[in-house]
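1. This is a predicted model, with the sequence first.
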Amino acid sequence: MKLPNLSDAVSTQARLRPHQVAVQDSITALTYAELDLRGTKVGNALLELGLREGDRVGVLAKNAAAWLELYVALARAGLVVVPINFRLSHQEVGYILKDSGAKALLAQHTFIPLAEQAVDEKAGMHKIVLDGDKSPGWLPYTGLIDAGKAARGGRPAPRHDVAALMYTSGTTGSPKGVIRSHQGSTLMAMATAVEMGFTQRDRALIVMPLCHANSLYFSHTFLHLGATCVIDDSKSFDPQHLLRLLSSHEITFTSLVPTHFVMLLSLPEAIAKTHDVSAVSKLMVSSAPIRKETKRQILEFFPNGQLHELYGSTEAGWVTLLRPSEQIEHIGSIGREWAFSGPIKVLDDAKQEVPDGVVGEIFSNTAYAFDGYWRLPDKTDEAMHGAWCSVGDMGYRDPQGYLHLVDRKSNMIISGGENIYPSEVEGVLCAHEWVQDAAVVGVPDDKWGEAVYAFVAFKGNRSMAANELSDWCATQLARFKVPRYFAFIAADQIPRNATGKVLHRELRKRAQQHLAEGKVN
């Protein structure tokens, strides 16, 4: 039996509850009937431009209701969406467009200069501006909607199942196109609804970028259910604005990264108390470790909220979940397998399972895993072990069956033959009461192979000497794990991708440059 894709789900909800708001941002609100109609018109208009089933279409935009409209339209037309991170450079955008073989690009007006630098004019790509004024060489999106046929017609359902090419964040190298299927997307929605207990009565606030898997798959879940998605389309994250949205829309669910929660909890009490967040019943945190005290503060801030902690990847989808009842008792764990998931394996380099408590590479077995890397069969083979999938994350299983994430295999530091995981050192540094944030990388060392280099941001006006921080670390860590070098920087100088993950490759370059210039502590 063929599972319904997002296009089918929206059509169903348009019949069942046509006047229910499906998606809204600060400018636009679309009912399911309107979303269904516009999805048809945009899909037809793109095909009338000459695109064919299976063609790839790039989308370069910040959060807006148009994202969900496009996900529906492209699925309906049998086209493959290529979501592009708006924070990328023109070289990176150009790489993705070329690698995917995109036939069209839809971009917000503010990103036209970036897109113009990225697009190879010889490729003959259709360029469509999603908003704002007209621009030479770009078709207006409103024109597509006006010109598109409203009838579904007799066109057969798409033969292929490819929904999207989701390019990885590239924290360790060039991004790879992750092939995601419609069936996988639907199974993810089903698993999410079952595991989280979502219904059509939910109102979700989508904060994280819709070009990333987190917001993409949570929003798809709510559209499958006939619920409402409210899109935070602010230019940058504003915790006070977030509170206003949570309160005014009576939001029941949102998914944030730890940094968002920390900023929210830092608001003055006088501001926080003016907003009613009692409707929030479920919260998700993901993409980076979160401290025990922060979890306690979140639960106090949201009196009716249940906190969930998610671990997953673009390739595997949702992998583990730390459920509300487990948050404090199993602090530091990423939980156990998600619904619709087979058993996780922790394997050594010989692909043999390791005992509990021993660090190995985490391999998941999900029903909705990716279909491989785009045009990279060797990389696909590296990521797979039979039906099991890995993205290179290292961890261990404790005696109670809970998984603990240690670090990325590629981030591991080897000093004097000893393995050092940056996340462990970062955790110790961040445990110091004066430290706000920290990131750790390895740098070349003639004697030991690699040495530990720590970037540290202090709270407020706090500061301390490198030797003092080193001595403190030595009380918590084995001597070979203690950072040899320190760089004291502001918290916003630690580079992260859109989902909050530290870009270690950028820090390695910076560390090596500091060493070459003698700028070390």
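-> Yes, it's here. A quick note: this is a predicted structure, and the numbers were derived from the prediction, not measured. Residues are numbered from 1 along each chain as shown.
2. Going by C-alpha atoms from here, please, whenever you check contacts or count neighbours.
-> Noted.
3. residue contacts, residue 65?
-> 23, 24, 25, 28, 29, 231 (CA atoms under 8 Å, 6 or more residues apart in numbering).
4. how many other residues sit next to the first one?
-> Taking other CA atoms under 10 Å as the neighbour definition, residue 23 ends up with a count of 27.
5. helix, strand or coil for residue 480?
-> Under DSSP: H, G, I helix; E, B strand; the rest coil, the three-state class of residue 480 is helix.
6. Give me the sheet partners of the least confident helix or strand in the chain by mean pLDDT and which way each runs.
-> One helix or strand of the chain scores below all others by mean pLDDT, DSSP states H and E: strand 418-420, with a mean of 78. Its sheet considered, strand 418-420 pairs with strand 413-415 (antiparallel) by DSSP bridges.
7. now the partner strand: mean pLDDT?
-> Here strand 413-415 scores 84 as its mean pLDDT.
8. List the buried residues in it.
-> By 16 or more other CA atoms under 10 Å, the buried positions in strand 413-415 come out as 413, 414, 415.
9. for stretch 135-149, same thing?
-> 138, 139, 140, 141, 144, 145, 148, 149.
10. now swap in stretch 304-323 and tell me
-> Applying 16+ other CA under 10 Å to stretch 304-323 flags 305-323 as buried.
11. Equivalent analysis for stretch 243-262, please.
-> Applying 16+ other CA under 10 Å to stretch 243-262 flags 243-247, 250-262 as buried.
12. Between the buried residues of stretch 135-149, which sits nearest residue 132?
-> residue 140 (8.8 Å; CA to CA).
13. one step back: neighbouring contacts of the least confident helix or strand of the chain?
-> 412, 413, 414, 480, 481.
14. please redo it, this time with the cut-off set to 10 Å
-> 406-407, 411-414, 441-442, 448, 450-452, 480-482 (CA atoms under 10 Å, 6 or more residues apart in numbering).
15. For those residues, name the two members farthest from one another.
-> Between all members of the contacts of strand 418-420, the farthest pair (by CA to CA) comes out as 406 and 448, at 22.0 Å.
16. Can you list which of the buried residues of stretch 243-262 are found in helices?
-> If you go by DSSP state H, the buried residues of stretch 243-262 have 243, 244, 245, 246, 247, 258, 259, 260, 261, 262 in helices.
17. per-residue confidence averaged over stretch 433-452?
-> 88.
18. i'd like the first residue to be 52 from this point on
-> That works, and once the first residue is 52, the last one we named lands at stretch 484-503.
19. For that stretch, measure first residue to last.
-> 21 Å (CA to CA, to the nearest Å).
20. Could you do stretch 143-163 as well?
-> Across stretch 143-163, first to last residue, CA to CA, it's 15 Å.
21. can you check stretch 528-547 too?
-> Span of stretch 528-547 from end to end, CA to CA: 26 Å.
22. Tell me how far it lies from the chain's centre.
-> 25 Å (CA atoms, centre = their mean, to the nearest Å).
23. and what of stretch 510-526?
-> 32 Å.
24. List the contacts of it.
-> 476, 479-480, 482-488, 507-509, 528, 530-539, 541-542, 571-572.
25. Which among the residues you listed count as buried?
-> Buried among the contacts of stretch 510-526 by 16+ other CA under 10 Å: 476, 479-480, 485-488, 507-509, 531-539, 541-542, 571.
26. Next, the buried residues of the helix ranked longest in the chain.
-> Counting by DSSP H, the longest helix found in the chain is helix 83-99. Using 16+ other CA under 10 Å as the test for burial, helix 83-99 gives 83-98.
27. between the residues you listed, which is nearest residue 166?
-> residue 97 (19.1 Å).
28. ok, so what distance separates the residue nearest to the closest one when sequence neighbours are not counted from residue 121?
-> Excluding the flanking residues, the one nearest residue 97 by CA to CA, 6 or more residues apart in numbering is residue 195, at 7.6 Å. Plainly put, residue 195 is 12 Å away from residue 121 if you go by CA to CA.
29. who touches both of those two?
-> Joint contacts of residue 195 and residue 121 (CA under 10 Å, 6+ apart) are 89, 93, 94.
30. quick one: the second one and residue 191 touch, right?
-> Spelled out, that is residue 93. No: contact criterion CA atoms under 10 Å: residue 93 and residue 191 do not qualify, at 11.7 Å.
31. which residues of the stretch 452-572 of the chain fall in helices?
-> 473-482, 517-525, 555-568 (DSSP state H, counting those that start in this stretch).
32. now these in CSV, with distance to residue 351?
-> As requested, these are arranged in CSV below (distance: least, CA to CA, whole Å):
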stretch, distance to residue 351
helix 473-482, 21
helix 517-525, 31
helix 555-568, 33
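33. Deepest-packed of the ones you listed, please.
-> Counting by mean count of other CA atoms under 10 Å, helix 473-482 has the highest mean neighbour count of the helices of the stretch 452-572 of the chain, with a mean of 20.
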